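Dropping a prediction and its sequence here:
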Amino acid sequence: MFQSPLPQEYLGLSPEVLHDRITQARKVLGRRLVILGHHYQRDEIIQYADYRGDSYKLAKEGAALADAEFIIFCGVHFMAESADILAQPGQKVILPNLSAGCSMADMANIFQVRACWKALEKAGIADVTVPVTYINSAANLKAFVGENGGSVCTSSNCPAVLKWAVAQGEKILFFPDQHLGRNTALAMGYTLEEMVVWDPNADDNFGGNTVEALKAAKFILWKGHCSVHGRFTVKQIELARQKYPTVRVVVHPECRQEVVAAADDYGSTEKIQKLIRESPNGSIWAVGTEINQVNRLAEEQKEFDKIVFCLDPIVCPCSTMYRIAPPFLLWVLDNLVEGNVVNEIVVPDEIAFDAIKALNRMIEIAG
Ligand code: SF4
């Protein structure tokens with residue numbers, strides 16, 4: 001989505017002025033407002049979050065806040081869409097910067113997914129295929145999945161959702177993150193030979209596969225990935241182990257398969273936090289996930305003599321999350337104080353109707 005430039009008066013404000021004005025506007029809005037902050041947000045933003053969490057926890061938390069009229073979602077676009085779908089009637093969800101998208105979510109669009117489904121129909125396998133979309137996807141893809149008997153999943157409940165899906169049909173079409181799909185299927189005991197990759201940009205009509213290969217596959221994995229988690233390597237893990245022989249390595253399941261295999265453990269943002277927080281004092285952790293979250297954990301766990309560091313020494317933050325900057329937050333708050341709602345995220349009813357089926361199916365399966 002297109003974000004118009006901020007008014008001149010918001011440019012060049014000092015951090016102190018921004019902080020004072022944001023604090024003042026929040027006071028004025030009081031309980032009419034709730035701010036949700038994703039773990040990957042920078043410190044200058046996360047400090048204002050009433051609730052912190054991963055994408056699903058935040059969407060659910062937003063939905064539970066029946067008395068908040070405005071939900072400012074400091075995250076990326078697909079998260080604000082999920083929050084709007086799950087919101088109470090009358091609640092308004094606001095994304096401070098409309099250009100805060102997710103490069104992975106953008107790797108699958110509704111036209112490509114429909115074309116893929118048509119190809120599966122042509123191959124005679126669509127009716128035995130269950131579509132599953134990662135929560136990191138546009139609302140219309142969640143609606144597609146809801147309409148076709150599938151489910152949404154998150155990085156924490158992906159094993160439960162895939163277990164459910166394999167009991168429903170003969171095949172799974174998983175999008176947009178091939179790595180989450182592959183890592184989860186391997187952990188369930190499936191082999192690489194049972195998986196094919198669907199390339200939406202392939203020259204042929206079958207995503208770069210033969211019809212025979214599609215028919216033989218159990219998992220059809222969309223060729224999408226996260227640019228942040230794709231940076232982690234086995235070499236980095238080896239270097240961490242050389243430097244700290246007792247280090248424990250934990251990575252996110254959006255990392256490549258060989259990285260997950262070389263780590264001691266893997267899991268969602270919430271699981272990574274839990275593992276590190278519950279580890280004995282003095283533990284050493286090398287972490288393969290977004291830098292803001294790792295740095296906060298490192299700071300928080302210092303008092304227990306734990307060393308927590310990011311596997312990639314030159315890792316950059318998620319650039320799309322980073323677009324939520326304090327001047328944008330102040331701008332949306334000032335508008336709310338003046339009675340204007342800007343940057344509202346509204347999922348059209350016809351899309352929300354099917355998308356909620358897929359989200360509710362996930363909740364039924366995984367809680
Ligand atoms: S970390 Fe990766 S998956 Fe998460 S919002 Fe950024 S680009 Fe998307």
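That came through, no problem. Numbers count the residues shown, from 1 in each chain.

hmm, who's touching stretch 45-52?
With Cβ atoms under 8 Å, 6 or more residues apart in numbering as the contact definition, stretch 45-52 has outside contacts at 22, 26, 34-39, 41, 58, 61, 74, 292, 296, 324-326, 329. For the C-beta atoms, the positions are set from N, CA and C on the backbone; glycine is no exception.

Find the residue closest to residue 103 in space, skipping its chain neighbours.
Spatially, and ignoring its direct neighbours in sequence, residue 103 is nearest to residue 227 (5.1 Å; Cβ to Cβ, 6 or more residues apart in numbering).

Over to that neighbour. Which of the three states is it?
When the structure is split into helix, strand and coil by DSSP: H, G, I helix; E, B strand; the rest coil, residue 227 lands in coil.

wait, doesn't it sit right on residue 102?
No - Residue 227 is not in contact with residue 102 according to Cβ atoms under 8 Å; the separation is 9.5 Å.

picking that back up, so which of the contacts of stretch 45-52 are in strands?
Secondary structure from DSSP state E places 34, 35, 36, 37, 38, 74 of the contacts of stretch 45-52 in strands.

can you tell me which two in the residues you listed are farthest apart?
Longest distance between any two of the ones in strands among the contacts of stretch 45-52 is 14.1 Å, between 34 and 38; criterion Cβ to Cβ.

Which one's more surrounded, the two?
The residue with the greater number of neighbours, taking residue 34 and residue 38 and applying other Cβ atoms under 10 Å, is residue 38; the counts read 27 against 21.

And the helices in the stretch 51-200 of the chain?
Listed in chain order, the helices of the stretch 51-200 of the chain (DSSP state H, counting those that start in this stretch) span 55-64, 77-86, 110-122, 139-147, 158-168, 178-187.

show me the contacts for residue 336.
Each residue near residue 336 by Cβ under 8 Å, 6+ apart is listed here: 25, 29, 33, 70, 94.

Tell me the spacing between residue 302 and residue 282.
11 Å (Cβ to Cβ, to the nearest Å).

Tell me, how many residues neighbour the closest residue to the ligand within the stretch 51-200 of the chain?
Proximity of the stretch 51-200 of the chain to the ligand (Cβ to the nearest ligand atom) peaks at residue 102, 3.3 Å away. Number of residues near residue 102 (other Cβ under 10 Å) recorded here: 23.

Which elements pack onto the helix or strand of the chain with the lowest mean pLDDT?
Among the helical and strand segments of the chain, the one scoring lowest on mean pLDDT, DSSP states H and E is helix 55-64, with a mean of 75. Applying 3 or more Cβ pairs under 8 Å, 6 or more residues apart in numbering; DSSP states H and E, we find helix 55-64 packed against strand 33-38, strand 51-53, strand 70-74, helix 77-86.
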